[in-house]
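> need a structure here:
(3 chains)
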Amino acid sequence: MSVPKGKVLPTAFFRRDTVTVTRELLGKALCRQLPDGTVRRCLLTEVEAYVGPHDKACHASRGKTARTSVMFEPGGVFYVYLCYGMHWMLNLVTEGGDYPAAVLVRGVEGISGPGRVTKQLAIGRDLNTLPIRRTSGLWVEDAGIDILDTQVERTPRIGIGYAGEFWMNEPLRFLWNTQ
DNA sequence: GGAGTGATGACA
DNA sequence: GTCATCACTCCA
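Down below sits the predicted model:
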């Protein structure tokens, strides 16, 4: 069963508190325009928050660099980077600007794992720094689904053991339990 | 449990 | 310039 077309989320949606945005992204539809012109819509089921310069797991916690400068942009753009030389990671930049934070897309309905999501949706470097809107070929829509807190699970983030005792345990990973 | 893979950032 | 590290995935 496919996800019906919804209203495109405005830039303002992303220019807010990162944890709030992360939680609200569950059940929203990540939409990708395919080369043949058709659109694939996938409900977001797993996301992680990287909440600012003080977050030791956030790439920008050690300052602004060529790679992380996009995270200092006002929210509503993509941060895409290559991990382990093979996997593209998709992030949605949040907050109002000059404050590095983003949401990592770890999974959508039918696709688990951040590297598999980008592979299946053909997401790569070319989307880095582009705005989150229809004309970029990748955007987010409100699918009209209301997800109750009882369906949301929070856990520590994955693969950030280097971030120190506090940040590696913060429950900044959000999962939508669809069962 | 371990390899693959290459950009990135720290350091010289 | 070198070098270690990595918000992962797949196969044994």
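
> please make it C-alpha for all contacts and neighbour counts, starting now.
Noted.

> quick one: low-confidence parts of chain A?
A:1, A:179 (pLDDT under 70).

> can you give me the strands in it?
For chain A, the strands defined by DSSP state E cover A:7-8, A:29-33, A:39-50, A:78-83, A:87-93, A:102-108, A:111-112, A:138-142, A:152-155, A:173-176.

> does DNA strand C have contacts with the fifth one?
The reference is to strand A:87-93. Yes: residues of strand A:87-93 are located near DNA strand C by CA under 7 Å from any atom of the strand, namely A:87, A:89-91.

> before we move on, back to that, turn the strands of chain A into a markdown table, columns for mean neighbour count.
Formatted as a markdown table, these follow (neighbours: other CA atoms under 10 Å):
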| stretch | mean neighbour count |
| --- | --- |
| strand A:7-8 | 14 |
| strand A:29-33 | 23 |
| strand A:39-50 | 24 |
| strand A:78-83 | 20 |
| strand A:87-93 | 24 |
| strand A:102-108 | 25 |
| strand A:111-112 | 16 |
| strand A:138-142 | 22 |
| strand A:152-155 | 14 |
| strand A:173-176 | 23 |
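
> how about JSON lines for these, with distance to A:Leu130 added?
Shown next, in JSON lines, are the strands of chain A (distance: least, CA to CA, whole Å):
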{"stretch": "strand A:7-8", "distance to A:Leu130": "16"}
{"stretch": "strand A:29-33", "distance to A:Leu130": "14"}
{"stretch": "strand A:39-50", "distance to A:Leu130": "18"}
{"stretch": "strand A:78-83", "distance to A:Leu130": "6"}
{"stretch": "strand A:87-93", "distance to A:Leu130": "10"}
{"stretch": "strand A:102-108", "distance to A:Leu130": "14"}
{"stretch": "strand A:111-112", "distance to A:Leu130": "23"}
{"stretch": "strand A:138-142", "distance to A:Leu130": "9"}
{"stretch": "strand A:152-155", "distance to A:Leu130": "29"}
{"stretch": "strand A:173-176", "distance to A:Leu130": "24"}
